[in-house]
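Undergrad: model this:
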Amino acid sequence: MVANGKTKAAIEALLVAAKNSGDNDFENGIISLKSKFSALKKDSRNGTITSENENIAKNRINANILSFVDDYGPFDTEDNPVLSSDEVDVMEVADVSDRLKKLMKKRKFFQDEYDISANPEMKFYLTEKIDILTQNIELLKSKLS
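TA: Sure thing, here's the model as predicted:
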């Protein structure tokens, strides 16, 4: 959604998810993003912001959206970005398989965002996320073999 220029729709979807999660920090963060986006749109309509500054502000908001998806998203809710071998060893095969599917779905999401993003900073951020996910996927695949 973000890379397709649907920032408002992404914020609204995250707000629903935040309210359903019961996590006040998550909800407050999305409300803050919604407020920043609304102020940005108002400044744009009023002509009080240059298009360059508008793009910079929007890219920051989009990066924050992706960060929230990474932290709270349905793809992967675990806190550790890279799994250790010990963590994988204690997981049941079904859990490993389920985790693998989630990580692959999340990597596809970030790859799709990367493919349509024109912002170099966003591409760098997404590349880092994709690399970490690829490491985790390969580790899980090796455990299933």
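Undergrad: do you know how far Ser97 is from Lys129?
TA: Ser97 sits 22 Å away from Lys129, going by Cβ to Cβ, to the nearest Å. Backbone N, C-alpha and C define where each C-beta goes, glycine included.
Undergrad: more crowded one of these two?
TA: Taking other Cβ atoms under 10 Å, Ser97 and Lys129 do not tie; Lys129 has more neighbours (21 against 14).
Undergrad: the bottom helix or strand of this protein by mean pLDDT?
TA: helix 85-89 (a mean of 45; mean pLDDT, DSSP states H and E).
Undergrad: mind listing what's buried along whichever helix or strand Lys105 is part of?
TA: For Lys105, the element it lies in under DSSP states H and E is helix 93-116. Buried residues in helix 93-116, counting neighbours by 16 or more other Cβ atoms under 10 Å, are found at Val96, Arg99, Leu100, Lys102, Leu103, Met104, Lys106, Arg107, Phe109, Phe110, Glu113, Tyr114.
Undergrad: can you list the domains in this structure?
TA: Following automatic domain parsing, the chain resolves into domains at 1-64, 74-145.
Undergrad: least confident of those, on average?
TA: Among these, domain 74-145 has the lowest mean pLDDT, at a mean of 73.
Undergrad: now Leu100. Nearest residue, chain neighbours left out?
TA: Nearest non-adjacent residue to Leu100, counting by Cβ to Cβ, 6 or more residues apart in numbering: Leu140, 4.4 Å away.
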